[in-house]
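Q: curious how this folds, go ahead:
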Amino acid sequence: GLKNKLHALLNSDVNLDDAAEEEVVGSAHELIHLILTYRSKNPRILEKLRQKNTANWYVLYGIANNPYATSETLSKLICGEQSFNQEIRTLYGSFAWRNIRLYVAKNKNVNIDTLRYIIEFPQSRVIDIQAAEHSLRAKS
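A: Prediction:
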């Protein structure tokens, strides 16, 4: 069951198959979702985790750091704030969410439009902008 999957997630020598990862995503356990964001190599699973955890910055942070996240998922992590409800928009400006912008800017899969968004976003910090500019130069 889920306990065995948690054990597998915590054991770096064990990989879960797609069906097992789907079961983890289907659970309501945010801690397990968080661990899966760092372990999954499946972009579809990462997008499902993003959809299920829109208000959980710690899960989104794990996705931002995952080298298997697609450019579309990374873009949705930071460019979708207009569609967020007011509570999430408030969180979006907080310290934790700014760190998501930083790690999206550093992710090798981030696209140019998302990097430009980070550079132009009024709440981006200097470090976010510098990381985005560095990634933009690397893509040019």
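
Q: show the average pLDDT along stretch 65-85.
A: Summarised as a single mean, pLDDT over stretch 65-85 is 83.

Q: go on, stretch 109-128?
A: Throughout stretch 109-128, pLDDT has a mean value of 93.

Q: start and end of it, how far apart?
A: Distance between the two ends of stretch 109-128: 16 Å, counting by CA to CA, to the nearest Å.

Q: pick out the residue nearest the middle of the protein.
A: Centroid-nearest residue in the chain, with CA atoms, centre = their mean: residue 63, separated by 2.6 Å.

Q: wait, that one sits on residue 77?
A: Yes: counting by CB atoms under 8 Å, residue 77 is a contact partner of residue 63 at 6.4 Å. Just so you know, the C-beta spots here come from the backbone N, C-alpha and C atoms, and that holds for glycine as well.

Q: now list whatever residues contact both of those two.
A: Common neighbours of residue 63 and residue 77, using CB atoms under 8 Å, 6 or more residues apart in numbering, are residue 50.

Q: can you list the buried residues in the lengthiest helix in the chain?
A: Longest helix of the chain, by residue count under DSSP state H: helix 126-139. Buried positions in helix 126-139, judged by neighbour count with 16 or more other CB atoms under 10 Å: 128, 129, 131, 132, 135, 136.

Q: list just the nearest of those residues to residue 117.
A: Minimum distance to residue 117 across the buried residues of helix 126-139 is 8.4 Å, recorded for residue 132 (CB to CB).

Q: tell me who's in contact with that closest one.
A: 105, 115, 116, 118, 119, 124 are the contacts of residue 132 under CB under 8 Å, 6+ apart.
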